[in-house]
Every structure is written in structure tokens, then in C-alpha cells.
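Engineer: I'll drop the sequence and a predicted model, then ask my questions.
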Amino acid sequence: MRKVLLPSLIIIAASLLVIRIFYLQIIDDSFKLKSDNNAIKIKYDYPERGYIYDRNGKLLVANQASYDIMVIPRELKNTDTLEFCQLLNITKEDFIKKMEKAKIYSPRLPSVFLPQLNKSEFAAFQEKIRKFEGFYFQKRSLRDYEVAFGANIFGFITQVNERLVAKNPYYNSGDLIGKQGVEESYEETLRGIKGVKYIQKDKYNREIGSYKEGKYDTTAVQGEDINLTIDAVLQKYGEELMINKRGGIVAIEPKSGEILALVTAPSYDPSILVGRQRSKNYTRLYRDSIAKPLYDRGLLAEYPPGSPFKIMTGLVGLQERVVDEQTTFICNHGFSYARGRFQGCHCGGGVRDLHVGIYKSCNAYFSNVYLRTIAKYAKAPYAIDVWSNHIKSFGLGQFMGYDLPTGKKGKIPDSKTYKKMYPDWGWSGKTIISNAIGQGEVLMTPIQLANMMATVANEGYYYTPHIIKKIEGETIDKKFTTKHVTTIDKKYFKPMISGLFDVYNLGTAYYLRVEGIDICGKTGTAENFAKIDGKRTKLEDHSIFVAFAPKDNPKIAIAIMIENGGYGATIAGPIASLMIEKYLRQKITRTDLETRILNTSLQGRYAKLGGLSETVKLQLRLQDSILKSKTKTPKIKIDSTKQQH
């Protein structure tokens with residue numbers, strides 16, 4: 001048996017090898033196609049990218065014709081460099097530099113010499129292209145933006161780098177790819193599939209027809225269209241309200257997790273990153289380290305949430321049963337929580353229960369609730385982990401899983417945090433009491449704040465925020481339709497919502513009411529420090545506001561963060577009221593608020609921090625013209641001393 005087994009294995013292996021060789025050499029000649037590369041010219045047919053629409057079917061991003069000048073270095077013959085450069089408006093130095101780059105990539109393979117010419121730029125060259133052997137043109141489509149807003153949402157299109165070409169076989173040198181925003185997140189959906197044509201050449205390098213009668217040719221498949229969850233009208237309005245300010249606005253539909261608006265300021269017109277000036281304009285935006293127009297503050301900026309975080313403090317206190325709705329604390333314009341330690345409060349002082357504590361934003365009430373929460377358990381590290389887990393069940397302190405390629409976790413401290421901070425001695429609730437009012441070690445992004453309010457509006461659950469509403473012929477990821485339930489019982493949200501409702505009726509947002517719309521909200525003012533000349537310096541506070549509306553069956557939850565904006569009711573609060581009315585009614589009745597916000601500029605404050613960048617100066621000239629067309633009212637100076645907390 002053994003004598004037969006070994007020869008049999010050898011015969012079987014040899015037979016398989018012969019069959020494989022026969023298949024590769026006689027039946028499958030795709031490898032021959034690669035070996036015949038010198039005699040075959042490969043032409044790619046690039047499809048149009050999918051169109052981008054808003055939630056209501058409004059076209060946001062389309063395509064326009066573009067042309068790349070391609071080069072095969074080894075095929076160049078007697079090129080009139082001077083004439084070539086004049087036709088394409090480039091210098092001889094540019095010509096040499098681009099040719100060297102093409103040779104490094106491959107002397108015999110095509111690479112992009114000059115990308116993204118529009119029709120007028122290409123017309124003159126097209127007439128004389130036959131004079132320049134080794135050069136040909138590749139038709140492509142570039143993005144054509146139908147709107148001048150939403151740059152941070154869309155992202156942009158750029159050439160792939162050599163590292164990606166080596167890693168991903170789909171892409172070749174000079175191919176375009178989506179970067180940032182939905183262009184990056186949904187690249188494979190939007191890009192389509194490029195077609196390939198193989199052209200046979202004779203010994204004189206002349207094209208003589210399709211290779212193998214087009215056997216290996218493939219047809220381009222256009223990219224799929226997508227609908228975003230964004231409301232174009234609301235997004236545009238939010239960006240107008242943020243002119244001459246820095247910060248972010250995020251609006252979410254509570255019942256679905258759909259992002260209605262994602263505003264970052266300052267921003268830019270997405271059309272400046274299209275065409276031959278794309279690289280120059282991108283470099284200018286990238287190098288702007290002052291205004292940071294490429295930095296999406298709605299997703300990336302981590303701030304102390306301030307008073308809106310009292311909502312979380314109260315809910316955890318109720319869940320842990322250290323307080324109930326009737327529990328009261330006395331506020332003496334603040335309270336003493338340790339020897340020589342006093343925490344101030346702007347609520348006016350008096351006896352405070354949960355309801356009054358919320359609408360008057362009482363520091364003393366919520367600090368006492370926090371101390372009781374931590375003191376409930378014998379060991380502070382265990383207690384802080386209990387508290388932290390409740391907070392994190394709202395999606396805070398972690399990456400949220402939304403469908404945009406950038407984001408930050410924020411920070412919800414736990415026992416590990418304080419073990420690192422205080423390795424040599426113990427700590428208690430009094431040590432970390434600033435967490436109670438959204439200061440201390442707590443950090444949140446605007447989208448996390450908006451999701452927090454959506455969760456409160458839903459009385460204890462949320463859907464992962466997302467920006468995709470529909471993909472033609474596909475279903476969206478099921479993670480966006482999966483309900484996340486918090487650790488807080490539903491019954492505890494009712495009294496919290498009642499207090500948030502009276503923030504508008506009796507409390508800090510009384511002057512921001514919109515007739516006929518029941519809004520639940522919370523003002524916030526977060527302390528803001530920075531190192532200036534090596535010293536920790538207190539700057540103007542950040543203005544924060546969170547809200548949802550209507551009170552019953554909420555349609556929108558929103559968070560606004562204005563850097564150096566002062567009290568929450570000064571700038572962030574009015575923006576929230578305006579955005580809510582705009583979305584629910586498609587019109588504005590509080591024109592007094594609208595006029596004030598449109599004409600409020602914080603550029604003077606920002607100039608003191610580090611001057612105004614060239615990008616911002618350029619934007620200011622454009623923005624001033626927009627404002628003048630909207631209103632003739634003179635700009636209003638902010639007197640923050642007259643605003644409520």
C-alpha cells in the first residue's frame with residue numbers, strides 16, 4: 001500500500017500542475033495581457049460620481065466635465081517645451097518637476113501630468129495635442145457644488161497618494177478619491193466602478209484597435225446617488241447665524257438619530273477646492289492655524305459642557321435614589337463644601353428642589369446631588385465608576401459610531417482617571433465636585449451634547465447619529481436603526497423635562513421664547529482658560545445652549561457652542577430658538593433675535609487671542625456683503641453683564 005501511495009501522490013500533483021499551466025497559457029491569457037504591456041495601451045473610462053441630495057431631495061452636489069493631461073514619459077519625442085508650457089500656462093520649471101515625478105512613477109505607464117482642466121483651459125491645448133507625442137487627455141468629472149455651504153459635510157475630492165496606490169489595487173496614480181465628510185465615508189458608493197479598455201499597438205507604437213476584440217474591456221458603472229439626512233435650508237441658515245463667530249451647531253431628529261444640521265464656523269465655500277486651484281486653496285486653509293476652517297468643531301472640538309451637564313447630574317441622582325423630586329437644598333448664592341472652599345452660584349439663592357434647580361440653573365443644588373451620589377458607596381473609586389457608567393450609557397465619553405470619518409471621544413472621568421491624577425493620596429466627591437456642573441474633567445463635543453438632548457427628549461433612548469438617509473438600491477447600516485437604551489429609568493425623565501420646559505417659561509431662557517412653540521432647553525456658560533505667554537489665563541467664557549422641541553413628540557434636538565461667546569443666553573440661546581423655529585415653521589417670527597445674531601461679531605475677541613488669519617480676513621469681506629444684503633441694522637455690541645446665566 002505504501003509503495004502505491006507515494007507514486008500516486010506524485011502523479012496527481014503533476015497532473016494538477018500540468019492542468020494549471022494549460023489553463024494559464026491556453027485558456028486564460030490575462031497574464032499574457034500583462035506581459036504584453038509594452039504593446040498594449042490601457043485606457044480608463046472614469047464614471048461620474050454619485051449625486052448628493054438633502055433629506056428633501058434638493059440637489060447639493062453634482063458633477064462637471066474635467067480633463068487630465070496624461071503623459072507616458074518614454075513616448076515623448078521632440079516636444080516643444082516652450083509652446084507646451086504656454087498653452088497650459090505653466091512654467092518650464094513646473095514642466096521639468098512634473099516630468100521627473102512621472103518618470104519616477106513609471107517611464108512606460110501613464111500618469112497625470114496636469115490634472116483637472118476645465119473646458120476653457122482645455123480647449124486651446126486640445127487643438128494642438130497631436131503635436132505632443134507621449135501626451136494625451138483623460139476625461140473625468142469633477143464636483144459641481146450647487147450650494148455654497150456644507151463644506152465640512154461634503155468633504156472634497158483629491159488625487160490618491162502613492163501609498164494608497166500600493167495598498168489598494170483599484171486605484172492608479174492620478175486617480176481621484178473622496179477625503180473628509182461623506183465623500184470619504186461613502187467613497188466606494190459614490191465613486192462607481194471605472195471601465196477599462198485595452199488598445200493594441202503595432203511596432204511603430206501606433207494604435208491598431210482593441211486587444212482581443214475587446215474581450216477584456218469593461219464598462220464604467222456610475223456611482224450611486226445618496227440622500228443625506230441634512231436639511232439644506234436649516235444648514236444654510238445655521239451657517240449664516242455663525243458668521244463672524246467660532247463654534248459648532250448640531251441638530252438631530254430624536255426619533256431617528258438623523259443629523260439635520262452640522263455647522264462648524266468658520267467654514268468655507270466648497271467650490272474653492274475644485275479644479276487647478278484646489279491644491280493652492282487647500283494649502284491656505286490647512287495652514288490657517290488661527291481660525292482652523294478645516295477643523296470641524298461640531299465633531300472634533302471638546303469643551304467643558306457647563307450647566308447643560310446638570311441634566312445628567314440630576315438624572316443619575318434620581319436613578320441612584322439619593323434624591324427625589326421633593327428633595328431640597330438651600331443655596332446661599334452658592335455653598336461651602338469644605339473648609340475655605342466656596343462654590344458660587346448666580347441663581348439668586350433660596351430653597352431649591354429639582355424643578356427650580358433646573359430652570360434657575362442652581363450650582364448649589366446639583367453639587368449637593370453629586371456629593372450624595374459619590375457618598376452613597378463606601379469607596380469613592382467604586383462610586384465614581386457607577387456614576388461614570390450611567391453617563392456613558394448616553395453615548396458620552398466614547399466614539400459615537402456615526403458615519404463621518406472624524407470625531408473625538410470627549411471625556412467622562414472614572415476611577416482610573418483619578419488614580420492617575422491622585423496616585424499618592426485619597427480623594428472624595430468634594431475633590432472632584434466641579435464635575436457636577438460640567439466643569440472639572442468632563443469634556444464633550446457638540447454632537448455629543450445634541451445626542452444627550454435627543455436622548456432626554458426620547459425619555460431614555462437614542463439612535464446612533466448618522467448623516468446618510470438613503471442610498472439608491474441599498475439599505476443603510478442597521479447600526480443606525482438599533483435603539484440604545486440608557487441605564488436611567490424612563491420615569492425619571494418626566495420631572496427633568498418639566499424643569500427644562502420652565503427654563504423658557506420662568507428661567508434663564510425666558511427672553512428667548514418663541515410664541516406657539518413649546519421648547520425645552522438649558523443655558524450654559526463654560527469657563528475657558530488658555531496659556532498666554534506661559535501663564536494660565538482666564539478668557540471670555542464659552543456660550544452654550546441645548547434644547548429640543550416641541551415638548552411633546554419632539555422633532556428636533558440641538559446643541560450650540562460659541563467660543564468666547566459669554567453667557568449661554570447671550571448668543572447660543574438665541575441661535576437655538578431661531579434654528580428650532582426655522583425647522584418647525586420654515587419662517588422666523590423672532591426677527592429681533594435674528595437681527596441681533598446676524599449682526600453680532602466676535603472677531604474683536606478672537607483678534608485679541610491671536611489676530612485674524614488671512615483666510616478669515618478674506619471671509620469677512622464676503623460675509624459683510626451677505627449681512628448687508630440681509631439687514632441694514634447697525635451692529636450691536638454685547639453687554640454680557642445684562643444677560644442671565
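Structural biologist: That came through fine. Numbers count the residues shown, from 1 in each chain.
Engineer: the stretch 301-450 of the chain: strands as residue ranges?
Structural biologist: For the stretch 301-450 of the chain, applying DSSP state E, counting those that start in this stretch gives strands covering 329-331, 334-338, 341-344, 350-352.
Engineer: and those strands, which one is worst for confidence?
Structural biologist: Of all the strands of the stretch 301-450 of the chain, the minimum mean pLDDT falls on strand 334-338 (a mean of 77).
Engineer: run through who's touching that one.
Structural biologist: F329, F342, Q343, G344, C345, N363, A364, S367, N368, L371, K430, I433 (Cβ atoms under 8 Å, 6 or more residues apart in numbering). For every residue, glycine as well, the C-beta is placed using N, CA and C.
Engineer: thinking again about what came up before, most tightly surrounded among the strands of the stretch 301-450 of the chain?
Structural biologist: strand 329-331 (a mean of 18; mean count of other Cβ atoms under 10 Å).
Engineer: S106: which of the contacts of strand 334-338 is nearest?
Structural biologist: Relative to S106, the closest of the contacts of strand 334-338 is I433; by Cβ to Cβ it sits at 64.7 Å.
Engineer: my understanding was that that closest one contacts Q343; is that so?
Structural biologist: Yes: in this structure, I433 is within contact of Q343 by Cβ atoms under 8 Å, at 6.9 Å.
Engineer: next SSE downstream of the helix or strand containing S141?
Structural biologist: Element membership for S141, per DSSP states H and E: strand 135-145. Next helix or strand after strand 135-145 toward the C-terminus (DSSP H and E): helix 151-154.
Engineer: need the next SSE after that following helix, C-terminal direction.
Structural biologist: The helix or strand immediately downstream of helix 151-154 is strand 156-159, counting by DSSP H and E.
Engineer: off-centre distance for that following strand?
Structural biologist: Mean-position distance between strand 156-159 and its chain equals 16 Å (Cα atoms, centre = their mean, to the nearest Å).
Engineer: give me the contacts around that strand.
Structural biologist: By Cβ under 8 Å, 6+ apart, the residues outside strand 156-159 that reach it are 49, 112, 115, 142-143, 174-181, 183, 270, 273-274, 278, 282.
Engineer: try 6 Å
Structural biologist: The contact list for strand 156-159 (Cβ atoms under 6 Å, 6 or more residues apart in numbering) reads R143, L176, G178, K179, L273.
Engineer: next one: stretch 104-111
Structural biologist: Contact with stretch 104-111 is made by M70, I72, P73, R74, A102, S173, G174, as judged by Cβ under 6 Å, 6+ apart.
Engineer: in strands only, show me the contacts of strand 156-159.
Structural biologist: Counted as lying in strands by DSSP state E, out of the contacts of strand 156-159, are R143, L176, G178, K179.
Engineer: how about the contacts made by the first one?
Structural biologist: The reference is to R143. R143 makes contact with V61, I157, V274, according to Cβ under 6 Å, 6+ apart.
Engineer: follow-up on the earlier one: which residue in the ones in strands among the contacts of strand 156-159 has the weakest pLDDT?
Structural biologist: Ranked by pLDDT, these bottom out at L176, which has 88.
Engineer: in terms of helices and strands, where is Y268?
Structural biologist: Under the criterion DSSP H and E, no helix or strand holds Y268.
Engineer: buried ones in stretch 384-394?
Structural biologist: Buried residues in stretch 384-394, defined by neighbour count with 16 or more other Cβ atoms under 10 Å: I384, D385, V386, W387, S388, H390, I391, S393, F394.
Engineer: next: stretch 106-116.
Structural biologist: Across stretch 106-116, burial judged by 16+ other Cβ under 10 Å covers P110, S111, V112, F113, L114, P115, Q116.
Engineer: please identify which of those is nearest to A148.
Structural biologist: Relative to A148, and with distances defined as Cβ to Cβ, the nearest of those is Q116, at 19.8 Å.
Engineer: any idea how far S434 is from the closest one?
Structural biologist: Applying Cβ to Cβ, to the nearest Å, the value for Q116 to S434 is 52 Å.
Engineer: so D45 touches A220, yeah?
Structural biologist: Yes: between D45 and A220 there is a contact at 4.3 Å, judged by Cβ atoms under 6 Å.
Engineer: list residues touching both of these two?
Structural biologist: With Cβ under 6 Å, 6+ apart, D45 and A220 have common neighbours G195.
Engineer: now, which of the buried residues of stretch 384-394 lie within helices?
Structural biologist: I384, D385, V386, W387, S388, H390, I391 (DSSP state H).
Engineer: and for Y286, the neighbour number?
Structural biologist: 11 (other Cβ atoms under 10 Å).
Engineer: spatially nearest residue to it, not counting backbone neighbours?
Structural biologist: Leaving aside its sequence neighbours, Y286 sits nearest to L294 (Cβ to Cβ, 6 or more residues apart in numbering; 6.1 Å).
Engineer: so what pLDDT did the one you found get?
Structural biologist: Note on L294: pLDDT of 93.
Engineer: for it, pull up the helix or strand it's in.
Structural biologist: If you go by DSSP H and E, L294 is not part of any helix or strand.
Engineer: that one against L285, yeah?
Structural biologist: Yes: with contact defined as Cβ under 6 Å, L294 reaches L285; the gap is 5.2 Å.
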